[in-house]
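> model the structure of this input:
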Amino acid sequence: MIKKAGTYLLFLGLVIMLSVLYGFTKARNGKKKVEEISVEFEEGSVPFLTHEMVNKLLIQNQRTVKNQSKRVLDLHRLENRVLANPYVKEATVFITLGGLLKTQISHKQPIARVSAGKEVYYIDKHGAKIPLSSNFSARVPLVSGEKLENNIQEITQLVQLISADNFLKKEIIAIQKSDANEFIFHVRSGNYVIEFGDYSDVSLKFKKIKAFYNKALKDKTINKYKTINVKYHNQVVCTKQNQDGEQ
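Residues are numbered from 1 along each chain as shown. Modelled structure (predicted):
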């Protein structure tokens, strides 16, 4: 019994000593100040934000967190402040033992630029709006038309299908939506348009577009056309330009 009691007292003493050391270390560490701020962007991320812009988000008590005591920092609030920025997809804010406040950021990735009347913005792969940035202009297809919000999911899926094909990604530079909810593709290679029609039989229509290109590029007739219509079942209907090249 005496041996067991001694072991218990020794264990209890170690626990108390470790607790005191932990409390002392925590208190001492809490008194340290933020020495530097580091901002890291995910590799390949669209540079909508700059390091300076992120630093301006890292504000607590109405001033920058640099030189503030570590114990007064609310890392969760700082992280949420960064996440609230419309360009930020994911963010992590933490502080090292040496007093370095690190912020790791992943930008939202735009897939198209939307011009809907007076409103202009980007959309990501989920169809979520991303405001334009004075810091960076993304090279993505332009989508135009009225009441585009009613077709935003269709537009998102169309753009993703185009982006997944190396040829079409370079060739189709803009998508126009008509009042009849039909889509017209504007292209890079010539003075003609592709009349895609409504959002139906999408896979079949893209197959017809690729088949047409394979033939027209091979026989070098692509620039003779005014419109390429893939709306109709099992056929591609084309209209040619006038012989003098005028439409």
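> right, and Ile175 touches Gln157 too?
No. Applying Cβ atoms under 8 Å as the test, Ile175 and Gln157 come out as separate, 11.5 Å apart. Every C-beta, even on glycine, is put in place using the N, C-alpha and C of the backbone.
> so these two - more neighbours on which side?
More crowded of Ile175 and Gln157, by other Cβ atoms under 10 Å: Ile175, with 23 against 14.
> identify the residues contacting the helix or strand harbouring that one?
Under the criterion of DSSP states H and E, Ile175 resides in strand 172-177. With contact meaning Cβ atoms under 8 Å, 6 or more residues apart in numbering, strand 172-177 is reached by 112, 141-146, 148, 151, 155, 158-159, 162, 183-188, 194.
> so the helix or strand just after that strand versus strand 172-177, what angle?
Remark: after strand 172-177, the chain's next helix or strand is strand 183-187, criterion DSSP H and E. Strand 183-187 and strand 172-177 are oriented at 160 degrees to each other (axes from the mean of the first three to the mean of the last three Cα atoms, to 10 degrees).
> so what's Leu142 up against?
Leu142 makes contact with Ala112, Arg113, Val114, Ser115, Ile173, Ala174, Ile175, according to Cβ under 8 Å, 6+ apart.
> give me the domain ranges for this protein.
Domain assignment for the chain by automatic domain parsing gives 32-107, 112-240.
> what's the least confident stretch among these?
Across those, domain 32-107 has the smallest mean pLDDT, namely a mean of 88.
> which SSE is Phe167 in?
Per DSSP H and E: Phe167 is located in helix 166-171.
> just how off-centre is that helix within its chain?
Taking Cα atoms, centre = their mean, to the nearest Å, the mean C-alpha location of helix 166-171 is offset from the chain mean by 20 Å.
> same check, this time on stretch 160-172
For stretch 160-172, the distance to the chain centre is 18 Å (Cα atoms, centre = their mean).
> send the alpha carbons of it over as PDB?
C-alpha atoms of stretch 160-172 as PDB (Å, rounded to 0.1, in the frame of the first residue of the first chain):
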ATOM      1  CA  GLN A 160     -17.300  23.700 -68.700                       C
ATOM      2  CA  LEU A 161     -17.900  21.400 -71.700                       C
ATOM      3  CA  ILE A 162     -16.200  23.900 -74.000                       C
ATOM      4  CA  SER A 163     -13.300  24.300 -71.600                       C
ATOM      5  CA  ALA A 164     -12.800  20.500 -71.400                       C
ATOM      6  CA  ASP A 165     -12.100  20.300 -75.100                       C
ATOM      7  CA  ASN A 166      -8.700  21.700 -76.100                       C
ATOM      8  CA  PHE A 167      -9.800  22.800 -79.600                       C
ATOM      9  CA  LEU A 168     -13.200  24.300 -78.600                       C
ATOM     10  CA  LYS A 169     -11.500  26.100 -75.600                       C
ATOM     11  CA  LYS A 170      -9.400  28.100 -78.000                       C
ATOM     12  CA  GLU A 171     -12.000  28.400 -80.800                       C
ATOM     13  CA  ILE A 172     -15.100  29.600 -78.900                       C
END
